[in-house]
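A.B. asks: just need the structure, nothing else, for what follows:
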Amino acid sequence: MKKDLEPKICLIYTGGTIGMTRDSKNTLSPPKEPESFLKIAPELEKLAKFDFVSLMNKDSTNMNPSDWTKIANAIYDRRNNGYNGFVIAHGTDTMHFSSSAVALALGKNLNFPVVFTGAQTAPDIQHGDARVNLLRAFKVAVSEIAEVVICFGDYVFRGCRAQKKDERKFDAFEAPASFPLAYITEEILVSDYAFRRKKSKLDIKLKPEFAKGIFQASLIPGLEPKLLQGLIKDKDCKGIILQSFGAGNVPNESPYSLMDFIKYSTKHGKPVLIASQFPANATLHTAYKPGKEAIEAGAIPTGNMTSACAMAKFRWVLAQVDKMQLGEVAKLKKINDMMNEPYIGELDTK
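C.D. replies: Here you go, the predicted model:
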C-alpha cells in the first residue's frame, strides 16, 4: 500500500478499563501516562496511520454532559484533518450515554465513522478483550459506515440504539429495538440498515450543548408523589424523567397516582419524560390506561429510544429550546415535538 493511500485514524483516549493499570492491591485505576495505553496493541500501525489524542483519563462512571461536549468538539475540530474515521476509547459503564450524546451533537451530516470501544477486562488479562476490541474498532473506523457506533465483541451497534447488558461477558452491549449495523468477521459485514459515506460534502452542524438540571426517578410500588413534588419548585430543575413500569405505565390510583404530579409539573413549565425500566421499545404505543393517562396529563413519551438515549436527547433538546424565545406552552410543545422527531436514527415513528 502506498503511503499516501494509507488510511488515517484519530484515536481519542478518554479512559476506561481498556487502558487501566492494576496496583499491588488488585485495584484498577487510570494510568499515570495515558500514552502507555498504546502498548496493548503495537500492531495498530499495521492497520492504519493514526494520531493519538489524550482527551481525558477517567473512569467512565465520572463522565458527565460537559465531557460529551468535549468529545464532540474534539471530533469536530479535527474533521478536516484527513482522517478516515475516529476511534474513541471509553469506559463501558456510560459508553452508551456518551455515544448517544455525541451522535446527536454531530448530527445527520456526519460522513465518517466515529467508533466507541472499550473493554470488560484490563489490558493485563491476556485472554481478555482490550486488545481485540481496539483492533476491531480500527477496522470499523475505515469502513463505509458514516455514523457514531459502538464496536464491541463481534458486533457494531448504532451508538444511539445501544445499551449495556452485562458487566462481565465480552458481548457486553445490545440494541434491543434494532439490528446490529455490522458483524465482525474476517471482513466487516455492514448491513443495509447502516448509514454510509456519501459523496455530498455537507458540513457537520455541530450542536454540542446539553442542559443541566435533569432529575430521573425509577418508579417503585408505593412511591409517594409528595417526595417528587419539591423538584417542581426547585429553580435548578429543568426537567424530570420518570422510568416507568412496563410499556410506559405510571401509577394512576390514589394515593400513589402520579397524574396530578405530571399535570402540576407541566403547568409550571417543567417537562416530564416517560422512559421505561425495560429495554427500548416499551413506550411507543402503550395500550394500557395508566400509560395513556400519563400522556394525556402532559408527559412526553420516548418511543422506542433506549433509556440512555432518551436522557441524552432530553438534555440536548432542552439546551436548544432554551435558546428560543418561546412562551411556556409553546416551549413544552416544542420539546415534545423534538423528542419525538428522529434525528440520527435514534427512534422509530411507526
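A.B. asks: and the next helix or strand past the single longest helix found in the chain?
C.D. replies: Looking across the chain with DSSP state H, the single longest helix is helix 307-321. Moving toward the C-terminus from helix 307-321, the next helix or strand (DSSP states H and E) is helix 328-339.
A.B. asks: chain center to that next one: distance?
C.D. replies: In terms of C-alpha atoms, centre = their mean, to the nearest Å, the gap separating the centre of helix 328-339 from the centre of its chain is 22 Å.
A.B. asks: where do the strands of the stretch 201-350 of the chain begin and end?
C.D. replies: Here the stretch 201-350 of the chain has its strands, by DSSP state E, counting those that start in this stretch, at 214-218, 239-244, 272-276, 300-301.
A.B. asks: now tell me what touches the longest one from outside.
C.D. replies: Meaning strand 239-244. Strand 239-244 is contacted by residues 211, 213-219, 228, 231, 250, 258, 265, 270-277, 282-283, 291, 294, 299, 307, 310-311, 314, 318, 335 when judged by C-beta atoms under 8 Å, 6 or more residues apart in numbering. C-beta: built from backbone N, CA, C; applies to glycine.
A.B. asks: which among those end up buried?
C.D. replies: Among the contacts of strand 239-244, those classed as buried by 16 or more other C-beta atoms under 10 Å are 211, 214, 219, 228, 231, 250, 258, 265, 270-276, 282-283, 291, 294, 299, 307, 310-311, 314, 318, 335.
A.B. asks: name the helices or strands packed onto the biggest strand by length in the chain?
C.D. replies: In the chain, with assignment by DSSP state E, the single longest strand is strand 49-58. Counting contacts by 3 or more C-beta pairs under 8 Å, 6 or more residues apart in numbering; DSSP states H and E, strand 49-58 is packed against strand 8-15, helix 65-77.
A.B. asks: ok, which of these comes nearest residue 95?
C.D. replies: Nearest to residue 95, of all the helices and strands packed on strand 49-58, is strand 8-15, at 9.6 Å by C-beta to C-beta.
A.B. asks: okay, now the sheet partners of that closest one, with direction.
C.D. replies: In the sheet, strand 8-15 lines up against strand 49-58 (parallel), strand 85-89 (parallel) (DSSP bridges).
A.B. asks: give me the mean pLDDT for the first one.
C.D. replies: Along strand 49-58, the predicted confidence averages to a pLDDT of 96.
A.B. asks: same question for stretch 84-92.
C.D. replies: Stretch 84-92 shows a mean pLDDT of 97.
A.B. asks: distance between the ends of that stretch?
C.D. replies: 24 Å (C-alpha to C-alpha, to the nearest Å).
A.B. asks: how far off centre is that stretch?
C.D. replies: Counting by C-alpha atoms, centre = their mean, stretch 84-92 comes out at 13 Å from the chain centroid.
A.B. asks: what mean pLDDT does stretch 216-227 get?
C.D. replies: pLDDT averaged over stretch 216-227 gives 95.
A.B. asks: whoops, I mixed them up, stretch 144-152
C.D. replies: The pLDDT scores in stretch 144-152 average 98.
A.B. asks: now the strands for the stretch 1-150 of the chain?
C.D. replies: With DSSP E, counting those that start in this stretch as the criterion, the stretch 1-150 of the chain has strands at 8-15, 21-22, 28-29, 49-58, 85-89, 114-117, 148-152.
A.B. asks: out of those strands, nearest to residue 43?
C.D. replies: Closest to residue 43 of the strands of the stretch 1-150 of the chain is strand 49-58 (C-beta to C-beta; 11.9 Å).
A.B. asks: CA atoms only for that closest one, dumped as PDB, please.
C.D. replies: The C-alpha trace of strand 49-58 is given here as PDB (Å, rounded to 0.1, in the frame of the first residue of the first chain):
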ATOM      1  CA  LYS A  49      -1.600   5.600  10.400                       C
ATOM      2  CA  PHE A  50      -3.100   7.300  13.400                       C
ATOM      3  CA  ASP A  51      -2.800  10.200  15.700                       C
ATOM      4  CA  PHE A  52      -3.300   9.700  19.500                       C
ATOM      5  CA  VAL A  53      -5.200  12.400  21.400                       C
ATOM      6  CA  SER A  54      -5.300  12.100  25.200                       C
ATOM      7  CA  LEU A  55      -8.500  14.000  25.800                       C
ATOM      8  CA  MET A  56      -9.400  12.600  29.300                       C
ATOM      9  CA  ASN A  57      -8.200   9.900  31.600                       C
ATOM     10  CA  LYS A  58     -11.100   8.900  33.800                       C
END
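A.B. asks: most centrally placed residue in this protein?
C.D. replies: Nearest residue to the geometric centre of the chain (C-alpha atoms, centre = their mean): residue 100, 2.4 Å.
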